[in-house]
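Engineer: Pasted the sequence and its predicted model underneath.
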Amino acid sequence: MLEIKTVEKPDERRDFPRGHLEAVHLTGLDFAVGVFEPGWRWSESVAPIAGTDSCEVHHNGYIAQGRMHIRMDDGGEGELGPGDVFVCPPGHDAWVVGDEQCVVYDFAGQMAKDYAKSAGD
């Protein structure tokens, strides 16, 4: 069965301080577009919603616009920019670098299903 959806009409939108996520859900694929404004930092904007000390979501992503820095709980870190494809396991903090919003496409599925939801959602 062929399924086609557009990110222009997402199935859901989740707003959080300094950003939002839009998700589309298809059979076998939950896809998310995250938009993070300058000043966004996971530990400040999403941690109070998630109720965890670091992001516990696995990401398979692509940076479409802007820059983001990721620091793993084990100390590893890196900066991502437009055109970068990345895999990031659970256990990290992240923040926007610079004055441009960062747009991330995430194919891993967990972001589209669970990101920026409280434990009770």
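Structural biologist: Ah, there it is.
Engineer: Could you report the neighbour count for E8?
Structural biologist: 7 (other Cβ atoms under 10 Å). From N, CA and C alone the C-beta is placed, and that goes for glycine too.
Engineer: I'd like to know how far it sits from E44.
Structural biologist: 29 Å (Cβ to Cβ, to the nearest Å).
Engineer: and if you look at D30?
Structural biologist: 26 Å.
Engineer: Per-residue pLDDT of the most centrally placed residue in the chain, please?
Structural biologist: Nearest to the mean C-alpha position of the chain, counting by Cα atoms, centre = their mean, stands G34 at 4.9 Å. G34 is assigned a pLDDT of 97 by the prediction.
Engineer: Which residues are in contact with it?
Structural biologist: 19-21, 102-104, 106, 111, 115 (Cβ atoms under 8 Å, 6 or more residues apart in numbering).
Engineer: Mind checking which of those residues land in helices?
Structural biologist: M111 (DSSP state H).
Engineer: any idea where the strands of the chain begin and end?
Structural biologist: Listed in chain order, the strands found in the chain under DSSP state E are 12-16, 19-26, 29-36, 59-65, 67-72, 77-80, 85-88, 92-97, 102-106.
Engineer: how about the ones you listed in TSV, adding distance to A50?
Structural biologist: Shown next, in TSV, are the strands of the chain (distance: least, Cβ to Cβ, whole Å):
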stretch	distance to A50
strand 12-16	10
strand 19-26	12
strand 29-36	14
strand 59-65	14
strand 67-72	16
strand 77-80	20
strand 85-88	15
strand 92-97	12
strand 102-106	15
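Engineer: which strand residues sit across from the residue nearest to the centre of the chain in the sheet?
Structural biologist: L21, V104 (DSSP bridges).
Engineer: if I look at it, how far off is F107?
Structural biologist: Taking Cβ to Cβ, one finds G34 at 12 Å from F107.
Engineer: higher neighbour count, D30 and E44?
Structural biologist: D30 (18 against 13).
Engineer: so the more buried one touches G109, yeah?
Structural biologist: Yes: with contacts counted by Cβ atoms under 8 Å, D30 reaches G109, the gap being 4.1 Å.
Engineer: Show me what the lowest-mean-pLDDT helix or strand in the chain is packed up against.
Structural biologist: For the chain, using mean pLDDT, DSSP states H and E, the weakest element among its helices and strands is helix 110-114, scoring a mean of 82. Applying 3 or more Cβ pairs under 8 Å, 6 or more residues apart in numbering; DSSP states H and E, one finds that helix 110-114 contacts strand 19-26, strand 29-36.
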